Each structure stands twice: as structure tokens, then as C-alpha cells.
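Student: Prediction below, plus the sequence it came from.
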Number of protein chains: 2
Amino acid sequence: MARWHAIAAELREAIRSGAYPPGTKIPKEEELERQFGCSRTTVRRAVAQLTAEGLLQPVRKGGTTVREHPPRQRLTRARQVYRDERGYYFDPTAQPWAAVETPTVSLGPVPYDIARILGVEPGEEVVIRSRVMGHPDTKTPTQLATSYLPASVARGTVLAEPDTGPGGIYDRLEEMGRGPLAWSESVVAAIPTEPEQEALHLPPGVALLRIVRVTRASDGQVVEVNDTRMSGELWEIGYQLERHQSAHPSS
Amino acid sequence: MARWHAIAAELREAIRSGAYPPGTKIPKEEELERQFGCSRTTVRRAVAQLTAEGLLQPVRKGGTTVREHPPRQRLTRARQVYRDERGYYFDPTAQPWAAVETPTVSLGPVPYDIARILGVEPGEEVVIRSRVMGHPDTKTPTQLATSYLPASVARGTVLAEPDTGPGGIYDRLEEMGRGPLAWSESVVAAIPTEPEQEALHLPPGVALLRIVRVTRASDGQVVEVNDTRMSGELWEIGYQLERHQSAHPSS
DNA sequence: CAGTGGTCTAGACCACAAC
DNA sequence: TTGTGGTCTAGACCACTGA
């Protein structure tokens, strides 16, 4: 077992056991160096590991502190899609989110993993609509939402404009004769990329929670893939399970 | 911008753009050293970053290859809980999972985050039931499932035994007069700890997908918290959204 | 402004796996 | 057997930020 591995394990156990409660500081690097009888590089390797696990948070001059984990907020997903005079609501209990910046719309290559869902070739040009969602007052970014639409569906239409009008792209798609629409969602866990870390102000050691929503037209064609990403530390997706006393359905 | 940061960005872009397709090798460290005109430590710092992001996979002697991401399997969650003569089924479309080892049962301190849900003091002793789920044939571990039950509910009962009999703990809880039971689930993304990485054979750069299921008795008391963890790269949680054309429900 | 973590170097030896 | 990544050292300078 590598030296740094053993040091990390020892520090991890000390933290878990409460020897260093959240919010307190662990000894500075120079001291750990003496304590474990190794070079600074080795100490730093161990501290880096625990930082990547979200247990530590080094601050220049302030020392390295044990991270306090904020409470998670529950994001309830309804199984029904409600509609009012303004548009669609996927979540009747939604937080008051709003676009922090104006959405950016561009024509660009489709990411590899989205291509398969959209049913287009990897690298093919699609319409990409990106927006940052956040609290309407504080403007703190909480979600990155990106929509991908096949060029054959969206190019040259209002769907490729920043402002899609009241109700958004789903109303427009229905008006274009694509409806009625159907959606399915997936929840995915991932490691954030650096740009995502920056945009969402994610500290190291925090995972990414992604909701991938697929919109299908009435003929079954996938007309949109929406990829919404948020902090895996601050959010959880919740839903209720109902009881069903009948026999197991035939499979 | 730090040198290693710039190198990581350059390599990341080269990978994303397809200059190094998945499965191919990037130049060896010595060559990158010359290419970027820096020390080996700096190169390694950049490679470590991309490894943590799940983009690279260094192999001794084999060089460092660009990781190929396996397809994700969809784990469909039903909203209804079905019951047959054998017990409860949370998932009518479930994969054929089975316990890889016999479940371990112990009395131990409740983890900090579970304590709040369970409504007990942090560190209080609770009944902990752990099992590794995997494919019945290959025995490959795919899920770590841990149940936490308050000592006041489970201690001294069959719920604290490894074998809880046909139907499992939910049937036993109902027989103990706690039913009818109700469940709610949350999906959470997290960074795996080292033991979890090992148990699930997670390569570096893969997040953890957690399903936290809370069981309540008919009187509202939380009688069980189940924490199921699996690879965030191999699994996704999916569910369908239904259409509801009525007006938005009053909030 | 001073102390802490952040970055970087040059060099050494080790261990594993492909050949 | 050998080449590759894995570990570790001793030392230097930098830059941010809290006291």
C-alpha cells in the first residue's frame, strides 16, 4: 500500500470518527509532514485525494478545513405534465427558477452521447439552446439546461431563435403539427467537467446530477433532447411510490 | 493559469475533438514532457485531472488510453408497488438481480445523513442490513444495498436476522402491525468513497448513483431507510411522464 | 504583510504487465 | 526482460488572503 494511500485512509477515518468535526481545521501541511514522517508532496497527494472525495477544502492561508455538507433540496418530479394558459409545467411544485442570462442558440456539432438518443450521426450539426437557470433574485446559477434539436426539425424556424414566445418550444412544436408530444426522463450521475464546475460554482468533490429529458413527436420521432445539470450535493430528485395491491402484472 | 491546467485543457480539447479517439493511446509521459516543455510532475498533474474526469485511463506499461464509455442501462422505476404471492416488487421491469453474498446484519452507529431521515440522533445505534447485489450468473457486483432500521423497531425481531423469510422485511413489518407501508424515493448523485469504488469495481472518474428509499409505517413513523448505490456510468433511472391536459392545479 | 496552500523542477527507485 | 506508469524526495518560488 502506497504511503499516501495509508495517510489518506488515516485522515479519512479520523474525520469520519469525529476527531476533526466539520468546519474545523486539520493540521497544516508542514505539520502533517512531520507527523507522518514524509515529504510534503506525499502529504499533498493524500490531501488531494480527500479533497476529490469532498471531505476537505483547502483554503490558502486559512488552512485546510473539513467540509460541511449543506442540506440537500428535494426536486419533486410530477408524473403528469400540467398545462395552463402560459405553457407547460413539468413540475407543479417547482422552485421559482428563472433564466439568469438570455438563452444562447447556436448551430453546432452534437455531443457523442446525445447523438445516439437524437438518432443522428455523431458530430452532425444540430440546434443547441443553452441557458443558465438560477434564483430570480440572487441570480445564483443552479442549473445548466441545454436543448438539442435536429436541424431537420428546428433550422430556419422559430425554434432556432433565442425567444420562442409564450409557452416555449413545446407549444411551438405542437403548433408545427408535431403534437401531441410525449416525454420520458432519465436521472444520471456524472463527474462534472471543468466548465460545468465553473458555471455551477461546484467545489471539488461534488458530483453532477443530470436529468435527460427526451421529447417525441406523435409519430415517434425524437424532436428534442434536454440535458439539465445541477449540483449533486445540493439537489435530489424525489418521487412518491404508490401502493398497488393487485397481483404482479404479467411480463 | 497554471501550466498543468493549460496542458489539461489542451489534451481535453484534443480528446473531445477526436484527435485521440476512444480506445487509442495518448503519447507517453516522457513524450508529453518534451512536447509541452515541462517536468514530468506537471504532465502527471494534468493527466491526473483528466483521469479524475473519466477521460483517460492510465495502464502500467500499456500507456495511457482514452477511455471508452460503456452504454448506460436504464433502470425503470415504477410508480406502483406490485405484490405477488412472494413479496413486493418495486420494479416490474427489474433486471434479474440477486444477492451475491449473504446479507450482513449488524448493530452500529447510524451515518450522519441517514440519521436525519430516520429521525434518530447522529451516532445512535441502529440495525444495519447490507447486501451486495449482482448478476445471478456472473456474480459481478452491480449494487450495494444498505437498509437502516431504528433499534426500537428492529432489535430483537426477525428484522435483525440475516434471513427475514419469504417476502423480506416489508412483509414482516406489515405482519408486525406496522402496515400499510408507504414509500418515497430520492435519486442522488455523489462521489464514491474508496470502499465503494472497490466494492463496485468503479474506475476513477465515475460518479455514484444513489437511490434513497424511505419506508413509513401507517402512523407516519420512518421504519426503514434503504440506500442503494450503483455505478453512475452504467446505470440511469428512468421514468415516463404522462400528459395531463387539464388546467394547472391550484397551488 | 506574513503564512498558508499552489505550482514546479530534477532526479531517483519501484512494480507491474506486455512482450 | 523491459518499458511504462506509480511513488517519493528535497527544494524552490509564487500568489492569494486572512490576521
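Tutor: Structure received.
Student: The residue in the stretch 51-200 of chain A that chain B sits nearest to sits in which helix or strand?
Tutor: Distances between the stretch 51-200 of chain A and chain B by Cβ to the nearest Cβ are smallest at A:A189, namely 3.2 Å. From N, CA and C alone the C-beta is placed, and that goes for glycine too. Assessed by DSSP states H and E, A:A189 sits inside strand A:182-190.
Student: Equivalent analysis for A:Q57, please.
Tutor: Using DSSP H and E, the element containing A:Q57 is strand A:56-59.
Student: Against which helices or strands is that strand packed?
Tutor: helix A:40-52, strand A:63-66 (3 or more Cβ pairs under 8 Å, 6 or more residues apart in numbering or on different chains; DSSP states H and E).
Student: contacting residues around the residue lying closest to A:M230 once chain neighbours are set aside?
Tutor: Excluding its sequence neighbours, the residue lying closest to A:M230 (Cβ to Cβ, 6 or more residues apart in numbering or on different chains) is A:Q143, at 4.8 Å. Shown in contact with A:Q143 (Cβ atoms under 8 Å, 6 or more residues apart in numbering or on different chains): A:W97, A:V132, A:M133, A:G134, A:L200, A:T228, A:R229, A:M230.
Student: In chain A, where is pLDDT below threshold?
Tutor: A:77-101, A:136, A:138, A:166-167, A:240-251 (pLDDT under 70).
Student: The strand or helix carrying A:H5 near DNA strand D at all?
Tutor: Taking DSSP H and E as the definition, A:H5 sits inside helix A:3-16. Yes. Helix A:3-16 is in contact with DNA strand D by Cβ under 7 Å from any atom of the strand, via A:R3, A:W4, A:H5.
Student: The first one: neighbour count?
Tutor: Using other Cβ atoms under 10 Å in any protein chain shown, A:R3 is surrounded by 15 other residues.
Student: Tell me how far it lies from A:F36.
Tutor: In this view, A:R3 and A:F36 are 8 Å apart by Cβ to Cβ, to the nearest Å.
Student: Name the residues contacting each of the two.
Tutor: Common neighbours of A:R3 and A:F36 (Cβ under 8 Å, 6+ apart) are A:T42.
Student: Direction included, what does the helix or strand that the residue nearest to A:M230 is a member of pair up with?
Tutor: A:Q143 is located in strand A:141-150, with elements delineated by DSSP H and E. Sheet pairing of strand A:141-150 (DSSP bridges) gives strand A:125-134 (antiparallel), strand A:222-231 (antiparallel).
Student: that older thread, please, a PyMOL command that selects the buried ones among the contacts of A:Q143?
Tutor: Buried members of those can be picked out in PyMOL with the line below, counting by 16 or more other Cβ atoms under 10 Å in any protein chain shown:
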select buried, chain A and resi 132+133+134+200+228+229+230
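Student: I'd guessed A:V158 sits against A:G165; true?
Tutor: Yes. Look at A:V158 against A:G165 with Cβ atoms under 8 Å: they come within range, at 6.7 Å.
Student: Now list whatever residues contact both of these two.
Tutor: A:R172.
Student: by how many degrees do the helix holding A:H5 and helix A:40-52 diverge?
Tutor: Helix A:3-16 and helix A:40-52 are oriented at 50 degrees to each other (axes from the mean of the first three to the mean of the last three Cα atoms, to 10 degrees).
Student: Any buried residues in helix A:3-16, and which?
Tutor: For helix A:3-16, by 16+ other Cβ under 10 Å, it's A:W4, A:I7, A:A8, A:A9, A:L11, A:R12, A:I15.
Student: any idea which element whichever residue of the stretch 151-251 of chain A sits closest to DNA strand C lies in?
Tutor: Per Cβ to the nearest atom of the strand, A:P204 is where the stretch 151-251 of chain A lies closest to DNA strand C, at 9.1 Å. Taking DSSP H and E as the definition, A:P204 sits outside all helices and strands.
Student: Quick one: residues contacting it.
Tutor: A:T51, A:A52, A:G54, A:Q57, A:Q197.
Student: Tabulate those residues (a markdown table), appending neighbour count and distance to DNA strand C.
Tutor: Below are these laid out as a markdown table (neighbours: other Cβ atoms under 10 Å in any protein chain shown; distance: Cβ to the nearest atom of the strand, whole Å):
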| residue | neighbour count | distance to DNA strand C |
| --- | --- | --- |
| A:T51 | 18 | 8 |
| A:A52 | 16 | 12 |
| A:G54 | 19 | 14 |
| A:Q57 | 18 | 9 |
| A:Q197 | 16 | 14 |
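Student: For A:W4, see how far away the residue of the stretch 51-200 of chain A closest to chain B is.
Tutor: Noted for A:A189: a distance of 27 Å to A:W4, by Cβ to Cβ.
Student: ok so, going back, using CSV, write out every CA atom in the helix holding A:H5.
Tutor: Below are the C-alpha coordinates for helix A:3-16, written out as CSV (Å, rounded to 0.1, in the frame of the first residue of the first chain):
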residue,chain,number,x,y,z
ARG,A,3,2.3,5.8,1.7
TRP,A,4,-0.1,8.5,0.5
HIS,A,5,-2.8,5.9,0.4
ALA,A,6,-2.3,5.0,4.0
ILE,A,7,-2.2,8.6,5.1
ALA,A,8,-5.4,9.3,3.2
ALA,A,9,-7.1,6.4,4.9
GLU,A,10,-5.9,7.5,8.3
LEU,A,11,-7.1,11.1,7.8
ARG,A,12,-10.4,9.8,6.4
GLU,A,13,-11.0,7.7,9.4
ALA,A,14,-10.1,10.5,11.7
ILE,A,15,-12.7,12.7,10.0
ARG,A,16,-15.4,10.1,9.9
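Student: Can you report how many residues lie near A:S231?
Tutor: A:S231 has 23 neighbours, counted by other Cβ under 10 Å.
Student: Could I get the contacting residues of it?
Tutor: Neighbouring residues of A:S231 by Cβ under 8 Å, 6+ apart: A:T142, A:L200, A:L202, A:V206, A:L208, A:L209.
Student: again, but for A:V59
Tutor: Listed by Cβ under 8 Å, 6+ apart, the contact set of A:V59 reads A:T65.
Student: Also the one 5 residues further on?
Tutor: Contacts for A:T64 were tallied using Cβ under 8 Å, 6+ apart; they are A:K25, A:I26, A:K28, A:E29, A:V47, A:L56, A:Q57, A:P58.
Student: neighbour-wise, which of those leads?
Tutor: Within the contacts of A:T64, most neighbours by other Cβ under 10 Å means A:L56, with 24 neighbours.
Student: Specify the beta-bridge partners of it.
Tutor: A:V66.
Student: how close does it sit to DNA strand C?
Tutor: Taking Cβ to the nearest atom of the strand, to the nearest Å as the measure, A:L56 and DNA strand C are separated by 10 Å.
Student: A:Q49 is in contact with that residue, correct?
Tutor: No. Contact criterion Cβ under 8 Å: A:L56 and A:Q49 do not qualify, at 9.1 Å.
Student: got the residues of chain A near DNA strand C?
Tutor: Contact residues, chain A versus DNA strand C (Cβ under 7 Å from any atom of the strand): A:28-30, A:40-41, A:44, A:47, A:58-64.
Student: filter the residues you listed down to the ones near DNA strand D?
Tutor: Answer for those near DNA strand D (Cβ under 7 Å from any atom of the strand): A:R40, A:T41, A:V59, A:R60, A:K61, A:G62.
Student: okay, now the residue in the stretch 51-200 of chain A that DNA strand C sits nearest to: neighbour count?
Tutor: DNA strand C sits closest to A:K61 of the stretch 51-200 of chain A, with a gap of 3.3 Å, by Cβ to the nearest atom of the strand. Neighbours of A:K61 under the rule other Cβ under 10 Å: 4.
Student: now do A:T164
Tutor: 19.
Student: any idea how far it is from A:M133?
Tutor: 16 Å.
Student: so who does A:P122 touch?
Tutor: Going by Cβ under 8 Å, 6+ apart, A:P122 touches A:V110, A:Y112, A:A115.
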